[in-house]
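Chemist: A predicted structure for the sequence below; I have some questions about it.
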Amino acid sequence: MADVLVTYRRLVAAQVRAQAQYRLSFVVDVLGSAATTFADLATILVFFRVTSSMGGFDLREAFLMASLACVAFQLADLVVGNVERVRLYVRTGLFDAILVRPRAVLPQLLVTNFTVRRVGAVLQGLVVLLVAAVLAPVHWTPARVALFLLSPIVGAVFFMGLFVGGATVAFYWTESGEFANAFTYGGREFTTYPMSVYSGLFRRVFGYGLGFAFVGYYPALVILGRPDPLGSPAWLGWCTPVAAAVSAGIAFLLWRTGIRHYRSTGS
Amino acid sequence: MRTFVALVGAGFRRYSTYRQATIAGIFTNTVFGFLICYVLLAVARGRGGPVAGYQGTQLVTLAWINQGLLATVGLWGDSGLADRIRSGDVVADLLRPIHPVLNYLGTDLGRAGFSVLTRFAVPMLVGALVFPLYVPQRAASYPLFVVSAALATLLSFACRYLVQCSAFWLLDIRGPQVAWTLLAGVLGGLYFPIRFLPRWFVDVLWVATPFPSLLQTPVDIIVERVSPAVQGQLIGLQVLWVGLAFGACVLVQRAAERKLVVQGG
């Protein structure tokens, strides 16, 4: 087991060195990644310039929700975001090479494509999350602190499941990467705002069917000590680990089925 | 001219063969149409009235038109030309008996034409079925919108061409590419209508940068956010920016051809 981890660590280190080689490009990448995160969160500030409440929440509350979800997404993107490159591997036939190596397929893919610049987005997200926590009208209790620390990590696991599950589409449909985008980037956008913003079938499918409500919204309600304007019980805020486990479990099954279904393109 | 028409046709056919990608793109645009539409409606509810001069139905239409135009205008585009510059393949483009700008423009217009029929039409239809859309009150707004969207497509092409041409000097264009994607999205009005920003800033933005002319102008014209006179002025600004951008394309291309050294190998 230990030597497996050493292999992976060396592969990641090689990626970091390789990507830092072109120093200017690397700096530009890290800054660009951080700027994109910044722009996402700044959008909320723009909306609150013209209104004082969204879905019944004021700026400080909505901002806490958004930054919880943002850190969760960026963490997941850092760790498994590059799984979408599996499309490229399938199309070019490189996937065969990965299959014959004596290591698990998914970790190989992740470490050999590790994208260092996404560290910029995570750091940016963490800073914003801290600011949001300080500004938000929260009466901190040990339980709330625990939930605050846990939510981004568990939310990240949830998003990771989504990334991996979405990437498996490539095993059946090589040109369809954007499908996964609708759920990964769409999910990030969805979790940025309170659930009460959405309505109808769309809210049910994205919020509960796919489980996005559990990433930022319900934990934030518990931390803020607010009842749900949609009328659901307060303990839902503690259910994020369940949603994350379901997401990871489904992703695992989809991935295994996908690999078994894989047939080399032969080129 | 015949060559150009043939290039447009080839662009159309090329993109119409990416069937899976088209369906996936339509799906993603539709999901984001719902997302942005609900968010803007929540802003309007929170405000309890018009926001920055937009009524609720105007905001709904704005959200869906934005998603439809995003692919048509080709706000993000690909890095095909930059890759060819880095690899040296661009030499083949320079040998062709047609100016490189026209060559790439032809393909891009074909792509835009195919996008209108797919990635513009389908999300708009879904939006119209689920939400009450704003119906323009003046018949002239429709042709003005078509003209404005076409100008936006030209402008977007020219800007992306310039961004990619930076590869002649930089080789690695990730910096300019990231800056373009971010600025065009945020200041073009994709994430929020730029009129949500302070008034003076919006005015400066509109006149001094090409970004609002990429999306916000056609959108404001079709939802009739502005009077007929201002509609005309905004289109005038677009024409000006298209002229400037294409002029820059030709100049940059000429300078690049003097600078270009093809790497051996």
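Modeler: Alright, I've got the coordinates. Numbering: from 1, shown residues only, chains lettered A, B, ... in the order given.
Chemist: alongside chain A, which residues does the stretch 51-200 of chain B contribute?
Modeler: Contact residues, the stretch 51-200 of chain B versus chain A (C-beta under 8 Å from any C-beta of the partner chain): B:51-52, B:172, B:174-175, B:178-179, B:182, B:185-186, B:191-192, B:196-197. Every residue, glycine included, has its C-beta placed from N, CA and C.
Chemist: 10 Å instead?
Modeler: Within reach of chain A by C-beta under 10 Å from any C-beta of the partner chain, the stretch 51-200 of chain B has these residues: B:51-52, B:54, B:130, B:170-179, B:181-183, B:185-186, B:191-198.
Chemist: can I have the buried ones of these as a ChimeraX selection?
Modeler: The following ChimeraX line selects those of these that are buried, judged by 16 or more other C-beta atoms under 10 Å in any protein chain shown:
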select /B:51,52,54,130,170,172,173,174,175,176,177,178,179,181,183,185,186,191,192,193,194,195,196,197
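Chemist: contacts only, for residue A:88.
Modeler: A:94, A:95, A:113, A:170, A:174, A:177 (C-beta atoms under 10 Å, 6 or more residues apart in numbering or on different chains).
Chemist: from those residues, which shows the smallest pLDDT?
Modeler: Lowest-confidence member of the contacts of residue A:88: residue A:177, scoring 68 (pLDDT).
Chemist: next, the residue nearest the centre of chain B: secondary structure please.
Modeler: Chain B has residue B:73 as the residue nearest its centroid, 3.0 Å off, counting by C-alpha atoms, centre = their mean. Of the three states, residue B:73 takes helix under DSSP: H, G, I helix; E, B strand; the rest coil.
Chemist: next: the one 3 residues further on.
Modeler: Per three-state DSSP, the local secondary structure of residue B:76 is coil.
Chemist: grab the nearest non-local neighbour of it.
Modeler: residue B:181 (5.9 Å; C-beta to C-beta, 6 or more residues apart in numbering or on different chains).
Chemist: doesn't that neighbour belong to a helix?
Modeler: Yes: assessed by three-state DSSP, residue B:181 belongs to a helix.
Chemist: what about the residues of the stretch 51-200 of chain B next to chain A, which are in helices?
Modeler: B:130, B:170, B:174-179, B:181-183, B:185-186 (DSSP state H).
Chemist: need the max-distance pair from those.
Modeler: Greatest spatial distance in these: B:130 and B:170, 44.5 Å, computed using C-beta to C-beta.
Chemist: picking that back up, the residue nearest to the centre of chain B touches residue B:185, doesn't it?
Modeler: No: in this structure residue B:73 lies outside contact range of residue B:185 using C-beta atoms under 10 Å: 11.6 Å.
Chemist: just to revisit the earlier point, among the contacts of residue A:88, which one sits closest to residue A:71?
Modeler: Once C-beta to C-beta is applied, the member of those that ends up nearest residue A:71 is residue A:113, at 21.8 Å.
Chemist: list the contacts of the closest one.
Modeler: A:11, A:15, A:80, A:81, A:82, A:83, A:84, A:85, A:86, A:88, A:89.
Chemist: checking the most centrally placed residue in chain A next. Helix, strand or coil?
Modeler: Nearest to the geometric centre of chain A sits residue A:73, at 2.6 Å (C-alpha atoms, centre = their mean). Judged by three-state DSSP, the three-state class of residue A:73 is helix.
Chemist: distance of it relative to chain B?
Modeler: 14 Å (C-beta to the nearest C-beta, to the nearest Å).
Chemist: find the residue closest to that residue in space, skipping its chain neighbours.
Modeler: Nearest non-adjacent residue to residue A:73 (C-beta to C-beta, 6+ apart): residue A:188, at 4.5 Å.
Chemist: just checking, the residue nearest to residue B:76 touches residue B:156?
Modeler: No: taking C-beta under 10 Å as the definition, residue B:181 is not a contact partner of residue B:156, at 11.9 Å.
Chemist: residues shared between the contacts of those two?
Modeler: With C-beta under 10 Å, 6+ apart, residue B:181 and residue B:156 have common neighbours B:75, B:76, B:77.
Chemist: tell me, how many residues neighbour the last one?
Modeler: Read it as residue B:77. 21 (other C-beta atoms under 10 Å in any protein chain shown).
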